Every structure is written in structure tokens, then in C-alpha cells.
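Participant: Pasting the sequence and the predicted model now:
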Amino acid sequence: MQRPRERIIFTPEELEACRRLASLALDEDLGAIGDLTSDVLIPAERIGVAVIVARQAGVLAGLQAAELTFALVDPTVMFEAVCPDGSLVQKGDRLAVVSGRARALFRGERTALNFVQRLSGIATLTRRYVDAVEGLPCWILDTRKTTPAWRLLEKYAVRQGGGHNHRLGLYDEILIKDNHLAALTPPLSPPISGGDKGGDPVAEAVQLARQKHGTAVPLEIEVDTLAQLENALRAKPDMVLLDNMSLDDLRQAVRRRKEIAPDVLLEASGGVTLETVRSIAETGVDRISVGALTHSAPALDIGLDYLP
């Protein structure tokens, strides 16, 4: 098992998001009655110890969510992380030790494991994509294709797998996509840059964004043809998103970027898989965004074993 030196913890925003989710999840699981099985079988005064164990190899993420879950069930429960998030773990590795009132351990078990399994699955899949482009100067990014209300935690898990976060939401970056451009068709009349009617919607969209926010907010524009790319590069956004382009087109896009606007970053997206990601990175793009990191990651098999 690989153990980083320092334990990785949530940001304050991630911690608050986790607290809300854990509270809702516990309400969902316990209802108004509680744990009928444990209340019948386990004496109220019984103290117990359990270990969270990896049932398969992967990258760990979400232990703090498990710790918070048990604390919401019973603040006296003790939670000791054996290894921090971001660790590479093997089947059979102990990940954490939980001790306290036995009923509390059973009440929090499923919810705690759901967090760790889901987030570890995302971290594990992310690591596979990151490993696939190893040695190339290309970042692997997530997207906004996240589970509703889980976005901060799922993007946290991406980072634990070695990936990078794209924008968190609609509020922290301008990303002009094809539907935005469609809404500008026909283009503004007259174009804001002056001149005759019928300006290019790509340039118009970038210029509108710059007029409103200047360079204070990152600006990216999506294109799906090399002709659109030419206009986008001349408009000088921070980044251009190359959507569903062939490898040949991506290589041409990189060449045109060097000629027209070498400071503009290029991001490839659309249908990226583990089989294709390295070929995409080899074209010279700077970033590759992968929706599958969060919308299609299988949960990592992690369990809790009660110690007699």
C-alpha cells in the first residue's frame, strides 16, 4: 500500500457539502424509526470495533466523509484513518478503524461505505486515465457531468486520482458552447466590433464576454471545426475546447494555435476513452476533459468488518 505523507482533507466548502449529503443519507437510511435490527440484537451499552477494508485494489478517496457520517450518528465514535485519501490500496488493506457504541457503527456503516466506495471509484478511474498519458504534458480534467449535489465531492475524488478540476459550475468560468453560439445566430446586428451586419458568432461571443468581465474570469470557447478554431484563436480566449475532433484535426489545431495564438490553451473533449486518451494527448493538446470520470466510474469494492 502506498501512503502519502500527509492526510488530505476537504476544503471548508467540500466539508459543508459532505455534511449536508451525509445528513440526508442518514435520514434516508434510518427513517423515523432507526435501525430495527441493531436495536433488537445489540445491547445499548455494547462497545465495538470495526475496520474499513479494501476488497479490491484502487485509489482511496472519501475517508473523511465516512468519519463525518459516523460522527453525525454518534459524536463519541472514534475514527482512525490508517492511510489518507489518494493512497494506492490493495485488496485486503485496512483503511480505517472505527470504535464506539456498536449500534452507532451499524447505523452509520452503509452510508459511510457508500461515500468511500463512490469517491474511491472515481479516484481509481481517474488514476487510470492519468497513468495512460504519463510522460506527456497533458492534464486530465473532469466535467460538470456529476451526480446532482455531489459535485464538490466527486471533483475532490478526481484530484485524489491525480486529475484536475475543470470549472466547478456556471459561476467560476465562462465556457461558450455550441448552443450559446446558436443563440447568437443571426449574429448581433450590427456586430459589436463595428462594421457591417453578419459578424462571426465566435468572435462576437468572445468579445461580449471580454467586455463584461475583462480577464478577471477564465474564458473558454467550444469549436467543432478548424474554421471555427481560426476565428476563436484570433479572438484570444484563454482556452479553446476542441469538441469531437479527429486526431488529424487535433494535430492541425495544435499547429494553427502555435502560428496564431501560442498562449491559448487547447482542450480536447468528446468520446474520450482509456483506449484513445493517449493518442489524443500525443497530438499536443494541453488538456483532455473526460465526463466518464464522474458519470461512469464504477464503485470500488470496500467493506466494513466488525471485530468480535
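Facilitator: On my side now, so go ahead.
Participant: name the element residue 111 belongs to?
Facilitator: helix 102-132 (DSSP states H and E).
Participant: I'd like the average pLDDT over the next helix or strand after that helix.
Facilitator: Using DSSP H and E, the helix or strand that follows helix 102-132 in sequence is strand 139-141. In this model, strand 139-141 has an average pLDDT of 98.
Participant: Quick check: closest non-adjacent residue to residue 120.
Facilitator: residue 300 (3.9 Å; C-beta to C-beta, 6 or more residues apart in numbering). No exception for glycine: its C-beta is placed from N, CA and C like everyone else's.
Participant: Would you mind pulling up the elements that the helix or strand encompassing residue 267 packs against?
Facilitator: Applying DSSP H and E as the criterion places residue 267 in strand 265-269. In terms of contacts (3 or more C-beta pairs under 8 Å, 6 or more residues apart in numbering; DSSP states H and E), strand 265-269 is packed against strand 239-243, helix 247-260, strand 287-289.
Participant: ok, back up a step: what about the helix holding residue 111, average pLDDT?
Facilitator: Averaged over helix 102-132, pLDDT sits at 98.
Participant: Check stretch 52-66 too.
Facilitator: Here the average pLDDT along stretch 52-66 is 98.
Participant: Could you report the separation of the closest residue to residue 69 other than its chain neighbours from residue 97?
Facilitator: Take residue 69 and drop its neighbours on the chain: the residue closest to it by C-beta to C-beta, 6+ apart is residue 112, 4.2 Å away. Between residue 112 and residue 97 the distance is 13 Å, computed by C-beta to C-beta, to the nearest Å.
Participant: Report the separation between residue 255 and residue 243.
Facilitator: 18 Å.
Participant: more neighbours, those two?
Facilitator: Between residue 255 and residue 243, residue 243 has the larger neighbour count (other C-beta atoms under 10 Å), namely 18 against 12.
Participant: how about the strands in the stretch 51-200 of the chain?
Facilitator: 58-59, 78-81, 88-89, 94-101, 139-141, 174-176 (DSSP state E, counting those that start in this stretch).
Participant: Tell me which of the ones you listed is the most buried.
Facilitator: Stretch with highest mean neighbour count among the strands of the stretch 51-200 of the chain: strand 58-59 (a mean of 26; mean count of other C-beta atoms under 10 Å).
Participant: how far is that one from where the chain is centred?
Facilitator: 15 Å (C-alpha atoms, centre = their mean, to the nearest Å).
Participant: That one pairs with which strands, and in what direction?
Facilitator: Paired with strand 58-59 in the same sheet, following DSSP bridges, are strand 88-89 (antiparallel).
Participant: ok so, going back, so which of the helices and strands packed on strand 265-269 comes closest to residue 132?
Facilitator: strand 287-289 (9.9 Å; C-beta to C-beta).
Participant: ok, and for the next helix or strand after that closest one, which residues are buried?
Facilitator: Later in the chain than strand 287-289, the nearest helix or strand by DSSP H and E is helix 292-295. With burial defined by 16 or more other C-beta atoms under 10 Å, the residues of helix 292-295 counted as buried are 292, 293, 294.
Participant: Using PDB, write out every CA atom in the next helix or strand after helix 292-295.
Facilitator: Counting by DSSP H and E, the next helix or strand C-terminal to helix 292-295 is strand 302-307. C-alpha atoms of strand 302-307 as PDB (Å, rounded to 0.1, in the frame of the first residue of the first chain):
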ATOM      1  CA  ILE A 302     -14.900  -1.600   0.100                       C
ATOM      2  CA  GLY A 303     -16.400  -3.200   3.200                       C
ATOM      3  CA  LEU A 304     -16.600  -2.900   7.000                       C
ATOM      4  CA  ASP A 305     -15.700  -5.900   9.200                       C
ATOM      5  CA  TYR A 306     -16.900  -5.900  12.800                       C
ATOM      6  CA  LEU A 307     -14.200  -7.300  15.100                       C
END
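Participant: Just the angle for strand 302-307 relative to strand 94-101, thanks.
Facilitator: 50 degrees (axes from the mean of the first three to the mean of the last three C-alpha atoms, to 10 degrees).
Participant: and strand 302-307 with helix 102-132, angle?
Facilitator: 140 degrees.
Participant: tell me what the least confident helix or strand in the chain by mean pLDDT is packed against?
Facilitator: For the chain, using mean pLDDT, DSSP states H and E, the weakest element among its helices and strands is helix 178-183, scoring a mean of 87. Identification of packing neighbours for helix 178-183 by 3+ C-beta pairs under 8 Å, 6+ apart yields helix 201-213.
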